[in-house]
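>>> sequence plus predicted model, see below.
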Amino acid sequence: MKHHLLILLSFFAIGYQSIAQEGVPVYFDYLADNYYLVYPSMAGIGEGGKIRATIRKQWFNVDEAPNMQTLNAHVRVGENSGYGATVFNDANGYHSQTGLKLTYAHHLRLGGDYRSLNQLSFGLSAGIQQSNLDESEFVSVIPDPIITGSRNSVSYFNMDLGMSYNFMEFYAHAAIHNLMGRGRDLYSAIESNNLRKYLVSTGYVFGRSEWQVEPSVLFQFTEFTQEKAIDINAKVYKSVDFGTVWGGVSYRRSFDGAQYQTATDFGEQRLQLITPIVGVNYRNFLVSYNYSYQMGDVRFDNGGFHQITLGYDFGQSEKRYDCKCPAVNY
């Protein structure tokens, strides 16, 4: 029984990267017109600015289950500059992390008239993060010198680098998170300082009438563990009198599997998440909800992961660009 439990715990640690990764975990909030949370080059991408707040909760019936809250805002200043800020809190059992990031982005118009979107963007985020480990409730019959029995906390500095290209309804993004390779050294002095994560995504919005369809993909690679995963997404938009209603679905699959053992057989399972998402843009406000469900034979719980996104767009009296590009125009 203990052997089976260790296998399950190992699979959990691989499949749900929020335990090991630093910074804002890459979930599905970017699909709620929140690409800036992933790509610093999207700060001030359009005229005016955007504010987004997310609340994520996993497994309501599990004590101290993973949960996360983020708040970010970004705004265009002048013709070429964008500024942004992100604060976040990510807790998982006895471990938690909080952080603040500040962003500068530079946008270059590559051609065409003023309303034709053809823009190359570069962004850099710099921030400080604090990791906490509460060992006050750890009990060991045999004293362990590594366990201090106290609340441990470390802070460190890191940076994210991003690049985006937007051409009318087409977009492509790339980013490196935790660029400086500085880690927390919270659990031991031999923790890896290589926290770099690479992300690439692209998509296109089809249709210029009251209906639009937006397929997209996002690929992420974690350098130290060599983990790879891909999101395959599809969204549909419908223009209405008060704004836009939309919905979609995302399928995430890892390229790496974890082995497990049953009473009669061995198997290997890759992380697979199916995430439906719905949202409404009412005038300048946005409300979105998504639910992620893990597929496969090995699961801790039948429940899923709930996330709500609230947003507000400001400073755009009329659409700056003549395109159906939700991440730029609202």
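Alright, I've got the coordinates. Numbering: from 1, shown residues only.
>>> residues near residue 215, how many?
14 (other C-beta atoms under 10 Å). Quick note: C-beta positions are derived from backbone N, CA and C, even for glycine.
>>> now do the contacts for the closest residue to it other than its chain neighbours.
Residue nearest to residue 215 in three dimensions, not counting chain neighbours: residue 234, with 5.1 Å by C-beta to C-beta, 6 or more residues apart in numbering. Counting by C-beta atoms under 8 Å, 6 or more residues apart in numbering, residue 234 makes contact with 213, 214, 215, 216, 248, 249.
>>> how far away is the closest residue to residue 295 other than its chain neighbours from residue 171?
Leaving out its chain neighbours, the residue that sits closest to residue 295 by C-beta to C-beta, 6+ apart is residue 272, at 4.1 Å. Distance of residue 272 to residue 171, computed by C-beta to C-beta, to the nearest Å: 26 Å.
>>> ditto for residue 92
Relative to residue 171, and taking C-beta to C-beta, residue 92 is found at 32 Å.
>>> which of the two has more neighbours?
residue 171 (25 against 17).
>>> what does the pLDDT read for that one?
Residue 171 is assigned 97 on the pLDDT scale.
>>> list the buried residues in stretch 161-173.
For stretch 161-173, a neighbour-count test (16 or more other C-beta atoms under 10 Å) marks 161, 162, 163, 164, 165, 166, 167, 168, 169, 171, 173 as buried.
>>> likewise stretch 219-231?
220, 221, 222, 224, 227, 229, 230, 231.
>>> try stretch 311-321
Neighbour counts over stretch 311-321 (16+ other C-beta under 10 Å) mark 311, 313, 316, 320, 321 as buried.
>>> now tell me what touches stretch 212-228 from outside.
14, 17, 20-21, 26, 30, 38, 192, 194-207, 229-237, 248, 254-256, 324, 326.
>>> low-confidence stretches in this protein?
For the chain, the stretches with pLDDT under 70 are 1-22, 60-64, 136-137, 139-141, 143-150, 181-192, 257-269, 296-303, 317-319, 330.
>>> for it, just list every one of the strands.
In the chain, the segments counted as strands under DSSP state E are 49-58, 67-77, 81-92, 95-109, 118-134, 151-167, 170-177, 197-204, 211-222, 227-240, 243-261, 266-282, 285-295, 305-314.
>>> pretty sure residue 28 contacts residue 288?
No: when contacts are counted by C-beta atoms under 8 Å, residue 28 is not listed as touching residue 288 (9.8 Å).
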